[in-house]
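In: My questions concern the predicted model and sequence given below.
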Amino acid sequence: MSEKVVLTYGTFDLFHIGHLNLLRRLRQLGDRLLVGVSTDEFSKLKGKQPIISFTDRAEIIRALRCVDGVFPEECWEQKAGDIRKHCVSVFGMGSDWEGRFDELKAYCEVIYLPRTEGISSTEIRKTLKILDRAHTRELKQALDLVSSIVERLD
């Protein structure tokens, strides 16, 4: 009996529990889980600006017990070749990609798993931007206070 290989891809920037849940669920679908991590250059083509470098993101994914192999994702078109190269049985992605990879059904089973509620890299980024703005306002208020003190000293 041949082993069942599962394949997924992602940027995995700002790694969070949703990423881990998805990878664990995918690993349960087969004997091995392979993960293509988007390179910094490909991430930019997808409209994403990773905070964590490709090298570090790949190392984080490689360190997970549920992951058996990691390689760079450099373009949209490589998926079919990777499926053939690694004898993939199941291609899986989060449900936010529903329908986007159905053409791969010609090569293997394609599944879309539900996302973890309440967490996403996009939401984390939004929170960081809000916190950054709040911090900027606090700094401006402090500078205004210092300026008013200096003016009174003149």
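Out: Nice, I can see it.

In: how many neighbours does Ile52 have?
Out: Ile52 has 16 neighbours, counted by other C-beta atoms under 10 Å. Every C-beta, even on glycine, is put in place using the N, C-alpha and C of the backbone.

In: Next one: it, what pLDDT does it get?
Out: If you check Ile52, the pLDDT there is 92.

In: List phi and psi for it.
Out: With angles defined as degrees, to the nearest 10, Ile52 sits at phi -90, psi 140.

In: From Ala142, how far off is it?
Out: 31 Å (C-beta to C-beta, to the nearest Å).

In: check contacts around the spatially closest residue to Phe42 that is not a sequence neighbour.
Out: Computed as C-beta to C-beta, 6 or more residues apart in numbering, the closest residue to Phe42 that is not its neighbour in sequence is Glu74, at 5.3 Å. By C-beta atoms under 8 Å, 6 or more residues apart in numbering, Glu74 lies in contact with 39, 41-42.

In: Now stretch 84-91: buried residues?
Out: 86, 88-91 (16 or more other C-beta atoms under 10 Å).

In: Now render these as JSON lines, adding pLDDT and secondary structure.
Out: Below are the buried residues of stretch 84-91 laid out as JSON lines (pLDDT from 0 to 100; DSSP: H, G, I helix; E, B strand; the rest coil):
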{"residue": "His86", "pLDDT": "97", "secondary structure": "coil"}
{"residue": "Val88", "pLDDT": "98", "secondary structure": "strand"}
{"residue": "Ser89", "pLDDT": "98", "secondary structure": "strand"}
{"residue": "Val90", "pLDDT": "98", "secondary structure": "strand"}
{"residue": "Phe91", "pLDDT": "98", "secondary structure": "strand"}
